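Undergrad: everything below, folded, please.
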Amino acid sequence: MKVNYNSNPKDSKSYDTSRLREEYLTDSMFIEDEIVSVYSHIDRIVVLGVSPTTSSLTLEDHIDSATFGVDYFLQRREFGVVNVGGRAQVKTATGTYTINHLDGLYLGMGTQELEFSSLDADCPALLYCISAPAHHTYPSRVVKREETNLIQLGDSTNANERVIRQYLHPDILPTCQLSMGVTSLSESSVWNTMPAHTHERRMEAYFYFDIKPQQVVFHFMGEPTETRHVVLRNHQMILSPSWSIHSGCGTQNYSFIWGMLGENQTFDDMDFVDMDAIK
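TA: Down below sits the predicted model:
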């Protein structure tokens, strides 16, 4: 398990490219027949990439629960999944869930014996997962892509026409603090989340996908008056502390999964940055 520590914005100002990537970026969230796991001290988020092919993967075989001081991983945590690959099956001690491409899944606190498998080895599942500390058990359920909240934002004039699908959101289902969704940019649009914002009450993680070969996304981060950029490629994830902006511009259109943990789940609780103030 990769461990990331929290950082002070005053220190982050001095980071060079290598240090920025070391502190915030995970180069690849998917390794065949492995579970990639990242634990960050920023709100104690755990991000996982699960890539089963011909055999299933059991969560407890890849994560040592003793690291978290519990008997099993989700004893005091909740769990969200979005599938960016082929059809998948997720088994638990109390139920079995089938999730298609771009379907989501929520597993409540107390869920045990997680096992992940692909239903077609020629088109394996790619399960992007986020886990957050929890205080209450809410019902587990699949969230179909067509069941998500659909929000259309931006326009072609500003090259930021995009569709947001809210999966784990109070209007869809209750969670303790975890929110997840997918943003997809229209053809010829390249900007996301600009004008930029921060939200002091929530951190965020971005996972970029549908980035075509030989294309990249320039992800912008840092305090509004001390911005930095990190170049991201397909299936890479970057953490965003609550004090940092989180915006991107691609060489072509792309998609990303956003996941948030923190004090509230209000989608528009943002501290917007005036375009004249950003540096």
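Undergrad: for Met112, what are its contacts?
TA: One correction, residue 112 is Gln, not Met. Remark: with contacts taken as C-beta atoms under 8 Å, 6 or more residues apart in numbering, Gln112 is in contact with Tyr72, Leu74, Thr92, Ala93, Thr94. (C-beta placed from N, C-alpha, C; glycine too.)
Undergrad: and with 10 Å instead?
TA: Taking C-beta atoms under 10 Å, 6 or more residues apart in numbering, we find Gln112 in contact with Leu59, Glu60, Asp71, Tyr72, Phe73, Leu74, Gln75, Thr92, Ala93, Thr94.
Undergrad: do I have it right that His41 meets Glu23?
TA: No. Under the criterion of C-beta atoms under 10 Å, His41 makes no contact with Glu23, lying 11.3 Å away.
Undergrad: any residues in contact with both of these two?
TA: By C-beta under 10 Å, 6+ apart, His41 and Glu23 have these common neighbours: Asn4, Tyr5, Asn6, Ser7.
Undergrad: and the first one, bridged to which residues?
TA: Going back to what we said before, that points to Asn4. According to DSSP bridges, the partner residues bridging Asn4 are Ser40.
Undergrad: what about it, neighbour count?
TA: With neighbours defined by other C-beta atoms under 10 Å, the count for Asn4 comes to 18.
Undergrad: distance check, it against His62.
TA: Between Asn4 and His62 the distance, using C-beta to C-beta, to the nearest Å, works out to 18 Å.
Undergrad: for the protein, name the helix or strand with the lowest mean pLDDT.
TA: Among the helices and strands of the chain, strand 271-272 carries the lowest confidence by mean pLDDT, DSSP states H and E, at a mean of 71.
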